[in-house]
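Student: heads up, no residue letters with this:
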């Protein structure tokens, strides 16, 4: 890749990160349809049991700090010459654009379309995760803290968010759950998510990824403290994940 193209890609990547942060912030302050994402979750989607307690979404602050740190780090000439960063940046730009569109779709209550966009974000991040080989080899502390950890946290949270997004769309559509109650489906989804995080803990020993699920499951348990089947399942999976982290270190 030509030096000018490398520089342009690096600058576009940082711009995409900042643009996503700005759109996310502005949509919270001035939502397109009168309600921001949090308000929609607490009103129209209040019956979606797998939604974490509100405090869990503060993790977006950590995600954006990590992405901005990455955005600055990848501007360095050494990173611009690295093909791994080219591929990562292209995929990250796709994820950022999809996330910006997702914000508008979700706040405009276009939930079915929001699932498609969430899957684009998730698949882009999973491709980045694989491309970077997170957990597969030792890297420098800079690569660990400025590249791998930010994408581990981001990918894990989007994995959780995808489950919640699908559950929300099905809830609005009035899906009958094939005869199973919402409580049972929530418990099933918690186990499925736990298996995903557990496999990452066992195969890749990616602690930040697993800790995001622990964070989310703690918030889900707290929000459903009046529904034993859910909070016990969430707490049990959370403790098992913590055990895997300790055992596999």
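Tutor: Great, that's in hand. Worth saying up front: this structure is predicted, and the values here are computed from it rather than measured.
Student: quick check, pLDDT for the residue nearest the centre of the chain.
Tutor: Per C-alpha atoms, centre = their mean, the C-alpha nearest to the average position across the chain is that of residue 158, at 1.9 Å. pLDDT recorded at residue 158 is 98.
Student: what helix or strand is it on?
Tutor: Assigned by DSSP states H and E, residue 158 falls within helix 149-173.
Student: please look at the residue nearest to the centre of the chain and residue 120 and confirm they touch.
Tutor: No - under the criterion of C-beta atoms under 8 Å, residue 158 is not in contact with residue 120, lying 10.4 Å apart. For every residue, glycine as well, the C-beta is placed using N, CA and C.
Student: quick one: the residue nearest to the centre of the chain from residue 244, how far?
Tutor: 21 Å (C-beta to C-beta, to the nearest Å).
Student: and for residue 128?
Tutor: Noted for residue 128: a distance of 24 Å to residue 244, by C-beta to C-beta.
Student: please say which of those two ends up with more neighbours.
Tutor: Neighbour totals were compared for residue 128 and residue 244, and residue 128 leads with 23 against 20 (other C-beta atoms under 10 Å).
Student: wait, what's in contact with that one?
Tutor: Residue 128 makes contacts with 87-88, 91-92, 95, 151, 155, as judged by C-beta atoms under 8 Å, 6 or more residues apart in numbering.
Student: show me what stretch 102-110 is in contact with.
Tutor: By C-beta under 8 Å, 6+ apart, stretch 102-110 touches 23-24, 27, 31-33, 35-37, 40, 44, 111, 113-114, 117-118, 121, 165, 172.
Student: just the ones of those residues in helices?
Tutor: Residues from the contacts of stretch 102-110 lying in helices, with DSSP state H as the criterion: 23-24, 27, 37, 40, 111, 113-114, 117-118, 121, 165, 172.
Student: with neighbour count, distance to residue 198 and pLDDT added, can I get those in JSON lines?
Tutor: Listed next are the ones in helices among the contacts of stretch 102-110 as JSON lines, based on neighbours: other C-beta atoms under 10 Å; distance: C-beta to C-beta, whole Å; pLDDT from 0 to 100:
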{"residue": "23", "neighbour count": "17", "distance to residue 198": "34", "pLDDT": "97"}
{"residue": "24", "neighbour count": "17", "distance to residue 198": "30", "pLDDT": "96"}
{"residue": "27", "neighbour count": "17", "distance to residue 198": "34", "pLDDT": "95"}
{"residue": "37", "neighbour count": "17", "distance to residue 198": "28", "pLDDT": "95"}
{"residue": "40", "neighbour count": "20", "distance to residue 198": "31", "pLDDT": "96"}
{"residue": "111", "neighbour count": "20", "distance to residue 198": "29", "pLDDT": "96"}
{"residue": "113", "neighbour count": "15", "distance to residue 198": "31", "pLDDT": "97"}
{"residue": "114", "neighbour count": "22", "distance to residue 198": "27", "pLDDT": "97"}
{"residue": "117", "neighbour count": "21", "distance to residue 198": "27", "pLDDT": "98"}
{"residue": "118", "neighbour count": "23", "distance to residue 198": "22", "pLDDT": "98"}
{"residue": "121", "neighbour count": "23", "distance to residue 198": "23", "pLDDT": "98"}
{"residue": "165", "neighbour count": "22", "distance to residue 198": "22", "pLDDT": "97"}
{"residue": "172", "neighbour count": "15", "distance to residue 198": "30", "pLDDT": "94"}
